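Asks: A predicted structure for the sequence below; I have some questions about it.
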Amino acid sequence: MPLRRKLLLAILIPVLLLAVVGAISVTSLRHLEQAAGRILANNYRSIQETRSMERCLWDLEMSVAEAGPRPRGLVPAFDSALQRCEANVTEPGERAVLERIRSSWNALRTGVVADTTRIWLHGIPNLYVDLEKLIALNEQAMIAHEQETRRVGRLMFGAVSGSVLMAMVALALYAIISARLISRPITQVVERLHTALNPVQAEEEFEHEEGGDEIKRLREEMDSLLDRLARHEDQQQRRLTHLQGRLAFVMNEVLEGLVLLDREHRILAVNRVARSILGSGCTEGVRLDALSLREDVRALLAPLLSGDVQAERDLGEVRHEAKGGERVYRPRVLTVSSAQGGVEGYLLLFWDVTEQRRFEESRQRFISMLSHQLKTPMTSLSMSVNLLKERLQTVAPRETELLSIASEDCSNLGALIADLIEASREITPDLTLSRRPVDVTRLLRSALRPLVPQAEARGIRLVLPAPDRECRCKVDPVKFPWVITNIAGNALRYTAGGGRVKITIEPDSGDCRITVTDTGIGIAPENLERIFQPYTSLDREPHAGTHGLGLAIAREIVEAHGGSITATSTVGTGSRFTIRLPALGE
């Protein structure tokens with residue numbers, strides 16, 4: 001039982017016991033007082049009313065004897081007193097006496113009305129006798145009740161005295177037991193504290209002090225514990241200050257800008273780089289919207305300032321002059337969640353993407369140079385293939401089909417090289433589409449024809465879309481087929497011989513759903529989203545042509561068409577890629 005409950009019971013039980021004894025005593029004495037007072041009061045009232053009747057009778061008798069005028073009101077007064085006595089009968093035999101008095105008085109009252117002196121003189125003595133009997137009966141009752149009250153009072157006094165004595169004994173026993181029960185856990189706590197705080201000292205030292213004051217020893221041990229806690233807290237505070245100094249040093253030395261904000265966008269911490277970007281007024285306690293920001297920085301941070309920011313999304317890029325030259329930063333907002341799941345604050349990061357931008361510019365220049373270098377040989381190759389196709393019209397059907405495929409590939413490669421040349425004119429080119437309504441089934445069957453020989457060579461069954469499943473969409477006939485060929489090519493690469501790669505096209509709720517299903521090695525669940533990121537390859541030893549750009553470009557092309565692409569997979573069973581495109585209405 002907890003110590004608080006023991007102390008509470010130690011106080012409440014004696015109080016309740018005394019309250020019960022006191023309530024019994026007060027109730028008994030009060031009841032005795034009320035009962036005795038009520039009985040004595042009734043007897044006394046009957047005696048008074050009887051004396052009143054005697055006075056009325058005496059006055060009537062004197063008026064008759066003196067032959068004088070009879071006072072009015074004596075008869076009604078006698079009647080009233082008699083009625084009150086009849087309503088206040090408390091003793092045995094009292095009602096019979098009252099009945100005789102009523103009978104005698106009725107006869108006397110008749111004589112008073114008839115003015116008959118004889119009747120008066122004859123009936124008055126008997127009436128006096130009955131009145132005296134009534135008085136004597138109530139007096140004897142009062143004496144008997146008084147004696148009974150004394151006897152009961154003595155009994156109640158003995159009962160109350162015994163109850164008080166028993167209560168005192170019970171309280172004494174309870175106090176002894178409670179003291180032991182309360183002091184035992186205190187002693188145990190003191191012993192444990194003493195052992196924990198002084199493990200080197202012998203146990204006899206505590207046993208030697210066991211006969212002392214437990215509360216005093218507990219206070220001493222608690223004081224010692226609080227002193228140690230204070231020293232420990234001081235050590236922890238010094239350690240925390242040291243760690244905060246190291247954290248501040250690290251924050252100021254990193255190349256990225258860091259700003260920690262609360263829910264109200266008030267700055268809690270900021271490092272050197274972020275302060276140089278946001279301005280000299282960027283200090284702790286200042287709201288972000290109160291700073292004098294540059295126009296380009298304020299425009300980038302507008303979603304954050306308006307509360308419409310999406311967590312962990314880039315906000316764009318900002319250029320800032322530093323000592324080492326111009327640097328490019330990409331702001332990003334991370335949400336700091338509270339323990340209850342709400343938003344407690346924000347972490348504003350200014351990623352330094354200068355080297356990345358330089359790499360992208362270098363790569364763009366390389367693509368521009370490469371695309372220009374490929375233009376001339378690709379034109380020559382396309383002309384050569386078309387010339388062979390015209391001169392070898394009488395060869396076998398298989399060779400004719402291969403020449404037709406080579407001619408189409410040359411045309412597609414020429415279109416891609418033209419796009420590369422156009423895209424290389426800017427550092428960050430946008431994906432431009434030349435969309436027109438086409439039958440996606442027919443388009444993809446034609447685009448997948450070059451993969452049939454590869455599948456046959458590897459012993460894989462390649463199932464093309466059914467030709468009767470027409471599904472018309474508005475797509476770029478050059479760029480969109482590359483999505484399916486890239487996904488199907490990956491499926492062939494990761495499917496063993498004897499497996500199957502199946503491509504299906506069918507309408508679904510106003511969309512055109514394209515699925516590529518294989519029986520390959522599958523993809524782990526944690527990698528399903530990573531495969532769509534640029535330069536991500538799941539091969540331990542990447543092969544030629546596997547740079548991790550295919551699926552990233554595929555998603556970009558599909559989303560540019562207003563569609564979506566998703567992947568599901570089971571390791572060891574195969575993968576399934578689903579592409580949805582808005583279909584054209586009838």
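Replies: That came through fine. Everything numeric in this text was worked out from a predicted model, so none of it was measured.
Asks: any idea how this structure splits into domains?
Replies: Here the domain parsing of the chain from automatic domain parsing is 3-179, 254-352, 359-423, 436-582.
Asks: Pick the most deeply packed of the ones you listed.
Replies: Most buried of the domains of the chain, by mean neighbour count (mean count of other C-beta atoms under 10 Å): domain 436-582, with a mean of 17. Glycine gets a C-beta too; all of them are placed from N, C-alpha and C.
Asks: any chance of the domains of the chain in CSV, plus distance to T187 and mean pLDDT?
Replies: Below are those laid out as CSV (distance: least, C-beta to C-beta, whole Å; pLDDT from 0 to 100):
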stretch, distance to T187, mean pLDDT
domain 3-179, 12, 74
domain 254-352, 40, 78
domain 359-423, 74, 68
domain 436-582, 58, 86
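Asks: Quick one: closest of those to D234.
Replies: Minimum separation from D234 across the domains of the chain (C-beta to C-beta) falls at domain 254-352, 24.4 Å.
Asks: Quick check: end-to-end length of that closest one?
Replies: Start-to-end span of domain 254-352 (C-alpha to C-alpha, to the nearest Å) is 10 Å.
Asks: all strands of the chain, in order?
Replies: Secondary structure of the chain (DSSP state E): strands at 257-262, 267-270, 318-322, 325-337, 343-352, 436-439, 461-463, 472-475, 500-508, 511-518, 564-570, 574-582.
Asks: Show me the contact partners of the fifth one.
Replies: Going back to what we said before, that points to strand 343-352. Strand 343-352 has contacts (C-beta atoms under 8 Å, 6 or more residues apart in numbering) with 255-263, 265, 268, 273-274, 277, 301, 304, 309, 318, 327-338.
Asks: Equivalent analysis for the first one, please.
Replies: Residues external to strand 257-262 that are found in contact with it (C-beta under 8 Å, 6+ apart): 251, 267-271, 273-274, 276-278, 282, 288, 329, 336, 344-350.
Asks: returning to that earlier point: is it possible to get JSON lines of the strands of the chain that adds distance to D130?
Replies: Listed next are these as JSON lines, based on distance: least, C-beta to C-beta, whole Å:
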{"stretch": "strand 257-262", "distance to D130": "104"}
{"stretch": "strand 267-270", "distance to D130": "107"}
{"stretch": "strand 318-322", "distance to D130": "125"}
{"stretch": "strand 325-337", "distance to D130": "103"}
{"stretch": "strand 343-352", "distance to D130": "101"}
{"stretch": "strand 436-439", "distance to D130": "134"}
{"stretch": "strand 461-463", "distance to D130": "134"}
{"stretch": "strand 472-475", "distance to D130": "129"}
{"stretch": "strand 500-508", "distance to D130": "120"}
{"stretch": "strand 511-518", "distance to D130": "121"}
{"stretch": "strand 564-570", "distance to D130": "119"}
{"stretch": "strand 574-582", "distance to D130": "121"}
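Asks: which one of the ones you listed lies closest to V160?
Replies: Smallest distance to V160 across those (C-beta to C-beta): 67.8 Å, for strand 343-352.
Asks: quick one: the closest one to chain centroid distance?
Replies: The chain centroid and the centroid of strand 343-352 are separated by 26 Å under C-alpha atoms, centre = their mean, to the nearest Å.
Asks: Now do the contacts for R442.
Replies: Taking C-beta under 8 Å, 6+ apart, we find R442 in contact with 467, 470.
Asks: ok so, going back, JSON lines please, covering the domains of the chain and showing distance to R246.
Replies: Supplementary listing: these in JSON lines, determined by distance: least, C-beta to C-beta, whole Å:
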{"stretch": "domain 3-179", "distance to R246": "45"}
{"stretch": "domain 254-352", "distance to R246": "13"}
{"stretch": "domain 359-423", "distance to R246": "33"}
{"stretch": "domain 436-582", "distance to R246": "34"}
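Asks: For L240, find the nearest of those.
Replies: Closest approach to L240 among the domains of the chain is made by domain 254-352 (14.8 Å; C-beta to C-beta).
Asks: Can you tell me how far V558 is from I503?
Replies: V558 sits 15 Å away from I503, going by C-beta to C-beta, to the nearest Å.
Asks: what does D409 give?
Replies: As defined by C-beta to C-beta, D409 lies at a distance of 19 Å from I503.
Asks: and if you look at T517?
Replies: Distance, T517 to I503, by C-beta to C-beta: 8 Å.
Asks: Ok, R150 next?
Replies: 118 Å.
Asks: And for T432?
Replies: Distance of T432 to I503, given as C-beta to C-beta: 27 Å.
Asks: Ok, L131 next?
Replies: Separation of L131 from I503 (C-beta to C-beta) stands at 132 Å.
Asks: What of S446?
Replies: The gap separating S446 from I503 is 13 Å, by C-beta to C-beta.
Asks: my read: L74 touches W58, true?
Replies: No - between L74 and W58 there is no contact under C-beta atoms under 8 Å: 9.6 Å.
Asks: can you map out the helices along the stretch 101-250 of the chain?
Replies: For the stretch 101-250 of the chain, the helices defined by DSSP state H, counting those that start in this stretch cover 117-197, 203-208, 214-253.
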